[in-house]
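[1] my questions are about this predicted structure, shown below with the sequence.
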Protein chains: 2
Amino acid sequence: MRKPRRRPGGGPTLADVAARAGVSPATASRVLHQSTRRVGQQHRERVLRAARELDYRPDLSAQAMARGTAPVLALLVSSIDDPYFSAIAAGVARSAQRHGAIVTIAVTGRDTGRELTALRTIRGQRPRAVLVAGSRTLGSRHSEALLAELRSLVDAGGRAVFIGRPSGGLPAVRPANLDAARALGTAIAGLGHRRAVVVTGAGRLETVRERTEGLRQGLAASGGRVIAVESDAFDRRGGYRATRRLLANGGLSAADVLCAGNDFMAVGAMTALRDGGLRPGEDIAVTGFNDIETAADVTPRLTTVHFPLAEIGECAARLALDPEACGGEDVLVPGLVRLRDSSPDRRGGAPRER
Amino acid sequence: MRKPRRRPGGGPTLADVAARAGVSPATASRVLHQSTRRVGQQHRERVLRAARELDYRPDLSAQAMARGTAPVLALLVSSIDDPYFSAIAAGVARSAQRHGAIVTIAVTGRDTGRELTALRTIRGQRPRAVLVAGSRTLGSRHSEALLAELRSLVDAGGRAVFIGRPSGGLPAVRPANLDAARALGTAIAGLGHRRAVVVTGAGRLETVRERTEGLRQGLAASGGRVIAVESDAFDRRGGYRATRRLLANGGLSAADVLCAGNDFMAVGAMTALRDGGLRPGEDIAVTGFNDIETAADVTPRLTTVHFPLAEIGECAARLALDPEACGGEDVLVPGLVRLRDSSPDRRGGAPRER
DNA sequence: ATTTCGTCGGCAAGCGCTTTCCAGGCACGG
DNA sequence: CCGTGCCTGGAAAGCGCTTGCCGACGAAAT
């Protein structure tokens, strides 16, 4: 091409800065980018001043091109308008900003196929790191391909971190679902709610399994037990439907507590209970998971497990961006049981009649 | 540099594809990228096959560099772990994906200073478009700078669209707060709730002003009126605190309905009412705005105004990405009043005693 | 005084891709 | 039969930045 092309960037280039400072682009680059090479005080100042005067901003694509990698942190989530993921995203964004990285986000809708294509597109950006969030269904068809792609990225010098899902050898940071569920189980059984019905998502989901198993163990530790498990979609509607079914088939008649797989299901379940003539928190206790913002605002206030989701996101981003952070290891972030009105204390008082 | 450098991208390059197909890189580029130039069927197929066999993925930075602009849609939001913004983000992501654009997101925390720095960083990416979401406080110090930056981006061939905030001449898509508030006011006054107290955010926020004014007009249209306005933070805590103050100073004694500036404030207000011994929905009606996911899950279910936030995001993205979409114009997205239990019908029945 | 280093600037070679310009090749029309 | 277009393929010039290498210079060592 012979003629100057339009430059949508518009701004001044490094060459402009260098010219104004009366130095070579190489020197300008070394000043503006923390290089190992030292530059004389004289030149250094002139470059900095020129850059300031020109309001110079480096072209990230060009840098990426020259360096072979872009200051980009890519985040793959199943959905962004889900408090669980958006809380994680917030943490990731915060951490990324601190590391001077730009966050690009891809929404994959719990579809491993889309996950894969998104990742492939993303890789075109030569990102410094990729974070994959979202509970994966075990043994999905695309899992291997995804893992392979991720590994190839790592081989090429990038970083990959999983969030809240099995890692396949890659570093991961995840909520300690098992421990937290165990603690919750122990706590509610200790409160006198011994016979639990679990309303949760599909058993293929790792998260679902861990939480159910943890509840089982925790209840057992305090002399309680899980008397039934009902599965449906892992959201509010699923919680509603599953509970309706239980109501219909009498599955709840012997239960002291309904343990939902997450807060959304719990909320749905509470509505279903009311529709079925039961008073959640009084006729039957209810618990959730995640401690979404509104868990404390529903009536009765929901007993649940709080996970510091933003911190999980932050931690993952740090793991991915900070070369110091050693890789390959899994971080388990503990949860905190939040006992609230939906699981009142039944000890001492006479066993309530039903 | 004389020696080949490490290429974190790792993958095959266009040159590799061209070589394998036995054509020049120019031809390969023309095939792989929908160009105006036609390429012979023969060559076309060989290039496509080579690309497939090599699993070629173009380097986005290189493309951006050569073309002068990157297939990037940047989204600036005040916070991502807020259902309002995350719903918008979801719409944006969907639309962007359809247009083959990558979404990068920057969280600015309602701080115009950070908004500005974020935008400047982002511009280094030479994004195709920038979306700025978040209710802006009028007359902020950085507003002008932000606008200037945005305009310079537009001059350089990019696009800028505001979401839910004053546009300063740039295209914008925003919820029709005024109309919706008016409709809500009319509806609740029609239900018999005539004397309203408004609990809302700071008056500098455009959104707050519009909603309050709309309520005023709507109530008036049905013979009601706003008897007081109490401001505090535009979130749950603010709603709680403001309501406590009203409770303390008797500001609520003559009110039929408490109209909150958004659902979070409404939820906080309901809690405050309860703490003050009033039953929301029975002793006093409550309304919100936005129809967040849990608005229908609180007790009593919250009357509010639904805005199709995801569609707003989608619309904004389309406006920004689709060259066909004519710019410069503002799109107002209408809201839908959702009457629920928190504002029961008081017509006909005897005026309740307090 | 001469040689040996060590510093610091600048040159220039790319990074992978797009696009302009040019050169053949072909099919026409005159 | 030879010009005149038209069409397609390739060579090559960048896009803006980083960085390996070289050279020049002053300081330290001999």
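    Okay, I see it. Note that the structure is a prediction, hence the values are computed from the model and not measured. Residues are numbered from 1 along each chain as shown, chains lettered A, B, ... in the order given.
[2] which strand or helix spans A:Gly203?
    Using DSSP states H and E, A:Gly203 maps to neither a helix nor a strand.
[3] per-residue confidence at it?
    With respect to pLDDT, A:Gly203 scores 91.
[4] from DNA strand C, how far off is the residue nearest to A:Gln97 when sequence neighbours are not counted?
    Distance criterion C-beta to C-beta, 6 or more residues apart in numbering or on different chains; nearest residue to A:Gln97, sequence neighbours excluded, is B:Val107 at 7.3 Å. Every residue, glycine included, has its C-beta placed from N, CA and C. Taken as C-beta to the nearest atom of the strand, to the nearest Å, the spacing of B:Val107 relative to DNA strand C amounts to 30 Å.
[5] one more: A:Arg30?
    Taking C-beta to the nearest atom of the strand, one finds A:Arg30 at 7 Å from DNA strand C.
[6] and if you look at A:Glu282?
    A:Glu282 is 64 Å from DNA strand C, by C-beta to the nearest atom of the strand.
[7] circling back: list the residues that contact the residue nearest to A:Gln97.
    Neighbour list for B:Val107: A:90, A:93-94, A:97, B:77-80, B:118 [criterion: C-beta atoms under 8 Å, 6 or more residues apart in numbering or on different chains].
[8] helices and strands around the one helix or strand A:Ala285 maps to, which ones?
    A:Ala285 belongs to strand A:285-287 when elements are defined using DSSP H and E. Here strand A:285-287 touches helix A:177-190, strand A:257-260, helix A:263-275, going by 3 or more C-beta pairs under 8 Å, 6 or more residues apart in numbering or on different chains; DSSP states H and E.
[9] which outside residues touch it?
    Under C-beta under 8 Å, 6+ apart, the answer for strand A:285-287 is A:184, A:188, A:191, A:193, A:256-260, A:266, A:269-270, A:273, A:280, A:300, A:302-304, A:342-344, A:346.
[10] go again using 6 Å as the cut-off
    With contacts defined as C-beta atoms under 6 Å, 6 or more residues apart in numbering or on different chains, strand A:285-287 is touched by A:193, A:257-259, A:266, A:270, A:280, A:303, A:342-343.
[11] mind picking the two most distant members of those?
    A:His193 and A:Met270 (15.2 Å; C-beta to C-beta).
[12] which residue packs closest to the most centrally placed residue in chain A, ignoring adjacent ones?
    Central residue of chain A (C-alpha atoms, centre = their mean): A:Ile88, 4.1 Å from the mean position. Using C-beta to C-beta, 6+ apart and skipping the chain neighbours, the partner closest in space to A:Ile88 is A:Gly313 (3.9 Å).
[13] what's the local residue count around the one you found?
    30 (other C-beta atoms under 10 Å in any protein chain shown).
[14] and for the one 5 residues further on?
    The number of residues packed near A:Arg318 is 20, by other C-beta under 10 Å.
[15] do A:Asp330 as well
    When neighbours are counted by other C-beta under 10 Å, A:Asp330 registers 13.
[16] so what's it up against?
    By C-beta under 6 Å, 6+ apart, the neighbours of A:Asp330 are A:Ala172.
[17] could you measure from it over to DNA strand D?
    Applying C-beta to the nearest atom of the strand, the value for A:Asp330 to DNA strand D is 32 Å.
[18] same deal with A:Val333?
    Distance, A:Val333 to DNA strand D, by C-beta to the nearest atom of the strand: 35 Å.
[19] now do A:Ala156
    16 Å.
[20] about what we covered before: winner for burial among the helices and strands packed on strand A:285-287?
    Ranked by mean neighbour count, the helices and strands packed on strand A:285-287 are led by strand A:257-260 with a mean of 31 (mean count of other C-beta atoms under 10 Å in any protein chain shown).
[21] just send the helices and strands packed on strand A:285-287 back as JSON lines, with distance to chain B too.
    Shown next, in JSON lines, are those (distance: least, C-beta to the nearest C-beta, whole Å):
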{"stretch": "helix A:177-190", "distance to chain B": "20"}
{"stretch": "strand A:257-260", "distance to chain B": "13"}
{"stretch": "helix A:263-275", "distance to chain B": "5"}
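[22] and the helix or strand containing A:Ala62, what does it pack against?
    Per DSSP H and E: A:Ala62 is located in helix A:60-67. On a contact count with 3 or more C-beta pairs under 6 Å, 6 or more residues apart in numbering or on different chains; DSSP states H and E, helix A:60-67 meets helix B:60-67.
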